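Q: Got a predicted model here, sequence first, then my questions.
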Amino acid sequence: MKDLASIAVFALVVACAPLVTNSGVVLNFIMMALYACLLAQAWNILGGFGGQFSFGHALFFGTGAYAQAILQMQGGLNPWVALVLALCLSAAVGLFVGALTFRYGLKGSYFALVTLAFAEVFRVVAVSVPFTGAGVGLMLPLRESAANMQFGSRVGYLWLVLAMVTVALLISAWLRHSRFGAYLQAVRDNEDAARAVGVDPFRIKLVAIGLSAAVMGAGGAFYVQVFQYIDPAIAYGPGTSVEALVAAIVGGMGTLWGPVLGALALHFLGDLTRNLFGQLPGINMMIYGTVLVLIIMFLPRGIAGGMPIRLWRRRPQHKPGKDDHG
């Protein structure tokens, strides 16, 4: 109940933001920060709670994005219906990748590289086939209406991505307190021990990657609706995967609010350095990278994982002995 109450308060406060300010800059910042939170939450389901580090989560992002665009443009479906199908298709791709990798016991760096390879394969395919627009990409036609999931202001998109983030938070809360979540964390901590007490690691990890892929696919579908354009580099490029995993690691893996805090911190830091040092090419990225390294060094468990580590250990107290004088 404590987690549910905190999620409800978070959703209520953010939903009321347009009532406090009508600044396009502020609303856009909140919207994009929530979008980053959604990607981080998706990665955290598999990487944080499940311990399966993925370097290719853009695979699921791109699948959701292209499904959302293609089903509207070539299938003639309503965007809300297309969204449901896009989530299902992303989950199906996740289950396919999981069935191939987990069946043969791939984990750690091997699993990370396989997911990265799958994302690259899908990028090459998207460049080659005509129904994805090949290298040119796809552009959604502009038809502003709530029924068409195209809003006239950032407020509608803000509420849409807030609903997605809230659902992702509810999934994380369920993983923290449910029996399935306990099984998933047991597999993460010691797969052999979990198997010895009757847990099926293959089935548990398969469900986790399906959930993670569906949430990541929601991020891709949201991106298409906001920017009305997608191409293979955006859909399956490594930048999306890095954004998702770095925010989760910085915020605190396997926690409820860690990905949210990490995404907010990195998004704020990125905007701040870009605005302050945008006229000096590369300086903003250097400062951004330096701060990121410091966060990882002095907050090894992430922002939500605990207090900073001590820089100096306490010196043991000296006990007077026979050789002490005075």
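A: Received it, and whenever you're ready, just let me know what you need.

Q: any idea how far Ile30 is from Ala15?
A: Ile30 sits 10 Å away from Ala15, going by Cβ to Cβ, to the nearest Å. The C-beta positions use only the backbone N, C-alpha and C, and glycine is treated the same way.

Q: With neighbour numbers in mind, choose between the two.
A: Ile30 (20 against 15; other Cβ atoms under 10 Å).

Q: Which helix or strand lies directly C-terminal to the strand or helix carrying that one?
A: In this assignment (DSSP states H and E), Ile30 forms part of helix 24-43. As assigned by DSSP H and E, the chain's next helix or strand after helix 24-43 is helix 58-73.

Q: quick one: contacts of stretch 117-126?
A: Applying Cβ atoms under 8 Å, 6 or more residues apart in numbering, the contact partners of stretch 117-126 are 56-59, 62-63, 66, 97, 132, 134, 232-233, 235-238, 241.

Q: can you list the weak-confidence ranges in the protein?
A: Applying pLDDT under 70 to the chain flags the ranges 278-280, 284-285, 288, 306-326.

Q: what's the longest helix in it?
A: helix 201-227 (DSSP state H).

Q: Span of stretch 15-25 from start to end?
A: Terminal residues of stretch 15-25 lie 16 Å apart, using Cα to Cα, to the nearest Å.

Q: and the closest residue in space to Ser128 that isn't next to it in sequence, helix, strand or coil?
A: The shortest distance from Ser128 to any non-neighbouring residue, by Cβ to Cβ, 6 or more residues apart in numbering, is to Ala134 (6.7 Å). Under the three-state scheme (DSSP: H, G, I helix; E, B strand; the rest coil), the conformation of Ala134 reads as coil.

Q: thinking Ala134 is in contact with Val127, fair?
A: Yes - between Ala134 and Val127 there is a contact at 6.0 Å, judged by Cβ atoms under 8 Å.

Q: what about the two, which has more around it?
A: Val127 (17 against 14).

Q: contacting residues for Phe131?
A: Counting by Cβ under 8 Å, 6+ apart, the residues that Phe131 touches are 70, 74.

Q: Now do the strands in the stretch 51-200 of the chain.
A: Applying DSSP state E, counting those that start in this stretch to the stretch 51-200 of the chain gives strands spanning 138-139.

Q: so where do the helices sit in it?
A: 58-73, 79-103, 109-128, 154-177, 179-189, 191-196 (DSSP state H, counting those that start in this stretch).

Q: returning to that earlier point: check which element follows the longest helix of the chain along the chain.
A: Trace forward from helix 201-227 with DSSP H and E and the next one is strand 229-230.

Q: Now the element after that next one, going C-ward?
A: Counting by DSSP H and E, the next helix or strand C-terminal to strand 229-230 is helix 232-236.

Q: Can you tell me which helices and strands that next one packs against?
A: helix 58-73, helix 109-128 (3 or more Cβ pairs under 8 Å, 6 or more residues apart in numbering; DSSP states H and E).

Q: Distance to Val246 for the ones you listed - can I get that in a markdown table?
A: Shown next, in a markdown table, are those (distance: least, Cβ to Cβ, whole Å):
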| stretch | distance to Val246 |
| --- | --- |
| helix 58-73 | 13 |
| helix 109-128 | 14 |
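
Q: Thank you kindly, that will do.
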